[in-house]
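> just the structure for this:
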Amino acid sequence: MKLFKKQDTPIGNLALLGIFAAIMGAFSLILALVPFSSLILGLFLPLVSAVASYYTENKYLAAYVVGASALCLGLTFFNWGDTLFVVIPSIVSGSFYGLLRDKKIPSQFLIILTSLVQVLLNLGAFGILLLTTGVNIIDTLMAILNLKTNTIIPAFIVTYSIAETILSFFIIEGVLNKFSKEAFSFPVERFISPSLGILFGGLTLAFAFIEIHMCYVFMVFGIYFSFVGASVLFEKKPIWIYVLGGVLLLASLFLFALLNSHFPEQSGISLASIFFISISLTSFVSIFVNKKGTMNS
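Reported below is the predicted structural model:
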């Protein structure tokens, strides 16, 4: 029986998932024994479960999540903080990635939904650790990152989760499955990313005066969706689209200089969202022009 191939038998699925559970157990031991190793190794942990879901049938994933989580907790009973905060969320989010992938969810939303699951699990683990052991993960992260304030910690957790999922995406889609060009029967889906880029960019600027933690979280989402939406600009476009993009970037530079003195000092960096809003606006116009041209042809 060849293990590292698509499995279609109960024995093959369970054997392969057992191997991946053992791999997660080995990683959890390393994290428990080596201080601060979670920041590096943690990036790759969801990939293990995502690859497991790639090679196996979805109906076995629940057993994998429960079994791998129990194994990792059992192996790290002497120091289970990183297992609860890093390993188990990685097992769940990686498996969730596989489930969404089978539903043919567009990649930009697959990545962000999986990342949100990871963030929610991290927050749950943070609460459990604080209540049961008194360990404050936020303080630990601040020490690792050498920060004096926790204002960017929520944004860091979101960014880290997105980076984990993007790594899984590129390994699975680019190496194992090869990239396939996504087709949209109607271009409404293509409008969503630049629209969200504009929305989150606006929320970033608004929350700079309201709540600094959420301001930076919204900024991360705004940057993500502006880059995803900008992929359409690499397609063949009329030259005026790129001229428009240049004009908007120059205008955003002017607005940045004009508004900089009016923003709170601790949230001044949020003004960079103006640049990403201009990119999303250019992408939105580009998609609209493409849709209009398609309808007229």
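> next, work out how far apart the spatially most central residue of the chain and residue 137 are.
Nearest to the mean C-alpha position of the chain, by C-alpha atoms, centre = their mean, lies residue 162 at 1.8 Å. Using C-beta to C-beta, to the nearest Å, we find residue 162 at a distance of 19 Å from residue 137. The C-beta positions use only the backbone N, C-alpha and C, and glycine is treated the same way.
> also residue 273?
Taken as C-beta to C-beta, the span from residue 273 to residue 137 is 27 Å.
> compare the two (neighbour count), which wins?
Each of residue 273 and residue 137 has its neighbours counted (other C-beta atoms under 10 Å); residue 273 has more, 27 against 21.
> and the host helix or strand of the more buried one, what does it pack onto?
Residue 273 belongs to helix 273-296 when assigned by DSSP states H and E. Applying 3 or more C-beta pairs under 8 Å, 6 or more residues apart in numbering; DSSP states H and E, one finds that helix 273-296 contacts helix 188-207, helix 212-229, helix 239-259.
> closest one to residue 66 among the ones you listed?
The closest of these to residue 66 is helix 212-229. By C-beta to C-beta, the value is 30.7 Å.
> the closest one: how far from the chain's middle?
Relative to the chain's own centre, helix 212-229 is displaced by 11 Å; criterion: C-alpha atoms, centre = their mean, to the nearest Å.
> show me what counts as buried in that helix.
If you call a residue buried by 16 or more other C-beta atoms under 10 Å, then helix 212-229 has these buried ones: 212, 214-229.
> go on, stretch 265-276?
Result for stretch 265-276 [16+ other C-beta under 10 Å]: buried residues 267, 270, 271, 272, 273, 274, 275, 276.
> contact partners for the last one?
It refers to residue 276. By C-beta atoms under 8 Å, 6 or more residues apart in numbering, the contact set of residue 276 is 197, 201, 222, 223, 226, 227.
> what's the farthest-apart pair in those residues?
Largest separation among those by C-beta to C-beta: 201 and 227, giving 12.1 Å.
> my read: residue 284 touches residue 198, true?
Yes. The criterion here is C-beta atoms under 8 Å, and residue 284 meets it with residue 198 at 7.1 Å.
> who has more neighbours out of the two?
residue 198 (23 against 19).
> which element follows the longest helix out of those in the chain toward the C-terminus?
What stands out as the longest helix in the chain, according to DSSP state H, is helix 107-132. Using DSSP H and E, the helix or strand that follows helix 107-132 in sequence is helix 137-145.
> quick one: contacts for residue 8?
residue 57.
> in what helix or strand does it lie?
Using DSSP H and E, no helix or strand contains residue 8.
> and it, backbone torsions?
Backbone dihedrals for residue 8, given as degrees, to the nearest 10, come out at phi -130, psi 10.
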